[in-house]
Every structure is written in C-alpha cells, then in structure tokens.
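# Sequence unavailable; structure follows:
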C-alpha cells in the first residue's frame with residue numbers, strides 16, 4: 001500500500017491551488033518567458049506556463065513552497081500542457097521530456113525540503129497530466145461530424161512519454177486531470193497501465209473530470225455516474241472533479257461519486273464562477289465555507305482548488321479540512 005493510500009483513510013488530504021493564477025502575479029513578459037535559452041524563438045511563447053519550469057524555475061519553486069506552507073499535502077507539477085500534442089502550438093514538442101522531468105524535480109525538491117522540516121506531515125507531488133487541446137471523441141468541424149483531430153493511439157503515445165518523464169523526475173502519483181473527453185483520459189490511463197506492466201511497478205493514479213456547465217455533463221456528454229462507470233476498470237487512488245464550476249455547483253456531482261465508488265473522492269473547484277471579465281472573485285472564506293458542506297456530508301478524501309485559487313484559499317480550506325474525518329472507503333451502494 002502506498003503512503004498516500006494509507007493517509008487517505010486517516011485524514012482529508014489537501015491539494016494545492018492554481019498555478020496559473022499565481023504566475024499571473026509575476027507579470028512575466030515575453031522576454032521572461034523566453035529566458036536566454038529561447039531568445040528570439042520563432043513564435044511568441046508568452047502564455048506557455050509550462051515553459052517557465054525551464055526559464056523561471058525559481059518562480060515555480062516559490063509557488064509550490066507557498067502552497068505547502070499554506071497547508072497543502074500535495075502539489076501538482078507545472079506540466080498541465082507538457083505533451084507533444086499541446087506543445088506543438090509553440091513548436092516545442094522536442095522539449096517534452098525535459099519539461100516534465102524538470103517540473104517534477106522542482107516540485108519534488110521543494111516537497112522534500114518542507115517534509116524535512118516536519119517529518120510528521122509528509123508532502124507529496126502529483127504529476128499533472130492535462131487533457132491536451134484536442135479531443136478524440138468529438139469532431140472540431142461541425143460540417144464533418146465523423147472527423148477526429150487526433151487518434152487514441154496518438155494520445156496514448158504522447159501521454160506515455162509524459163508519464164515516463166514525470167516518474168523519472170520523482171512524482172509520487174500521476175494526476176490525469178480536467179478530463180472533458182473520457183476517451184482522452186482512457187488513452188492516458190492505458191499508457192500508465194502499460195508503464196506499470198512493463199516496469200513491474202505500482203503507480204497511484206488520481207483521475208479528475210470536468211463537468212462543463214449546468215447540464216451536469218462533461219464536454220463529451222457524460223454524467224458524473226457515466227464518467228465513473230466508464231473508468232471503473234482502472235485501479236485508482238481517487239476519482240473526482242475539478243475546474244469549470246465553483247464549489248457550490250459541484251456538490252450534487254460529488255454526491256453521486258461518493259455514493260458510487262469505493263476509491264477516494266477528490267474535488268478542486270474554481271473560486272466560484274468567473275465574472276464578466278473572466279476573473280474569479282470568491283474569497284478564501286466564502287470558498288472554505290462552501291467546501292465545509294462537502295466535509296459535513298462526508299463526500300471527499302482530497303480537497304483543493306483550481307482556477308482563481310491562491311495559497312490564501314488553500315490555507316482557509318486546510319483549516320476547515322483539519323476539523324473533519326475523511327470519507328470512508330467502503331463498498332458503494334447499489335444503483
């Protein structure tokens with residue numbers, strides 16, 4: 001049994017908040033994103049946050065440190081878009097191994113330093129594996145519904161490359177997150193299972209989907225229950241939802257997961273819904289009070305934040321989480 005799985009039964013684990021929100025505070029310019037190494041790159045790279053692990057590693061380490069100090073047990077690597085598929089936008093596919101390895105290494109070094117200061121509270125690193133910018137089960141062309149911009153096998157190969165580099169860099173768990181198309185996620189999960197089989201190792205896996213709007217479905221059309229059923233053949237550390245919705249809007253979907261699975265349930269919602277300017281206004285206190293409802297209802301084992309959340313949000317959430325016991329990992333009720 002992994003240390004994380006053991007802890008899952010003992011306490012509510014706290015995940016970090018948004019990396020992008022924190023990086024915006026630095027107000028990095030195009031030149032900052034490029035650094036010396038990518039000076040005069042053929043296309044603009046501002047906005048490629050994953051690249052900052054190579055050009056501004058101190059800032060990435062600083063963000064991880066702030067989240068750990070706020071009370072996070074787990075931080076995510078700065079690798080949401082670090083696949084050959086997503087990096088093609090910047091013509092940086094050749095950097096994928098390095099991006100994932102270095103990002104994992106940065107996070108792991110911070111985790112080890114913080115753990116050394118208080119060994120009674122071990123800290124962990126989750127290798128973030130985002131959904132890519134292509135979808136395997138929906139056509140991007142309304143005039144050609146049968147067209148697919150990417151295949152399952154292309155996704156599997158890209159995810160396998162990412163996972164291998166993250167593991168080499170020292171991550172404790174792989175987090176397949178912000179899943180809007182379950183077929184994409186299945187390619188990632190299949191790739192991880194291949195690695196487990198080839199290397200004869202156990203790899204804890206967290207899976208987090210995204211309910212895109214008030215319809216209560218993912219972008220590829222699945223309800224929370226259908227999403228859970230379609231990935232239930234994979235041994236998971238946890239399954240849950242993140243992004244798109246605020247804590248309040250996510251509650252009914254978490255209730256479905258909590259009553260239907262025997263693995264951990266995770267949630268890291270946004271800081272409310274975006275305002276007219278695309279910004280998130282929900283205060284740490286407001287968000288923590290909404291998340292406390294999850295804890296009172298015994299819905300989650302892992303809790304954190306997504307878009308708009310900061311170390312202040314995570315601190316408020318960690319304070320609330322410490323008052324409650326984790327959801328029991330029991331055999332689910334029959335539907």
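Done, it's in. This structure is a prediction, so every number in the text was calculated from the model and none was measured. Residues are numbered from 1 along each chain as shown.
# Now for this structure: which helix has the highest residue count?
Longest helix in the chain by number of residues, with DSSP state H as the criterion: helix 96-117.
# Check which helices and strands it sits against.
helix 52-55, helix 57-70, strand 74-76, helix 84-87, strand 124-129, helix 152-169 (3 or more C-beta pairs under 8 Å, 6 or more residues apart in numbering; DSSP states H and E). (Glycine included, C-beta is placed from N, CA and C.)
# Give me the distance from the fourth one to the chain's centre.
Right, helix 84-87. Here helix 84-87 is found 17 Å from its chain centre; the criterion is C-alpha atoms, centre = their mean, to the nearest Å.
# what's it in contact with?
48, 50, 81, 93, 95-96, 99, 130, 132-134, 150, 154-155, 158, 161 (C-beta atoms under 8 Å, 6 or more residues apart in numbering).
# Residue most distant from the centroid, this protein?
When each C-alpha in the chain is compared with the mean C-alpha position (C-alpha atoms, centre = their mean), residue 143 comes out farthest, at 33.0 Å.
# which element is it on?
Mapping residue 143 onto the secondary structure by DSSP states H and E places it in no helix or strand at all.
# Look up how far residue 298 lies from residue 51.
Spatial separation of residue 51 from residue 298 under the definition C-beta to C-beta, to the nearest Å is 41 Å.
# So those two - more neighbours on which side?
Between residue 51 and residue 298, counted using other C-beta atoms under 10 Å, residue 51 has the larger neighbour count: 25 against 14.
# Between the two ends of stretch 12-32, how far is it?
38 Å (C-alpha to C-alpha, to the nearest Å).
# er, stretch 255-273 I mean
Separation of the first and last residues of stretch 255-273 by C-alpha to C-alpha is 20 Å.
# residues making contact with stretch 131-151?
Residues from elsewhere that reach stretch 131-151, judged by C-beta under 8 Å, 6+ apart: 81, 83, 85-86, 89, 152, 155, 158, 177-185, 187, 210, 219-220.
# separation between the residue most central in space within the chain and residue 240?
The centre of the chain sits closest to residue 177, judged by C-alpha atoms, centre = their mean, with a distance of 4.3 Å. The span separating residue 177 from residue 240 equals 9 Å under the rule C-beta to C-beta.
# can you check residue 9 too?
When distances are taken as C-beta to C-beta, residue 9 and residue 240 turn out to be 16 Å apart.
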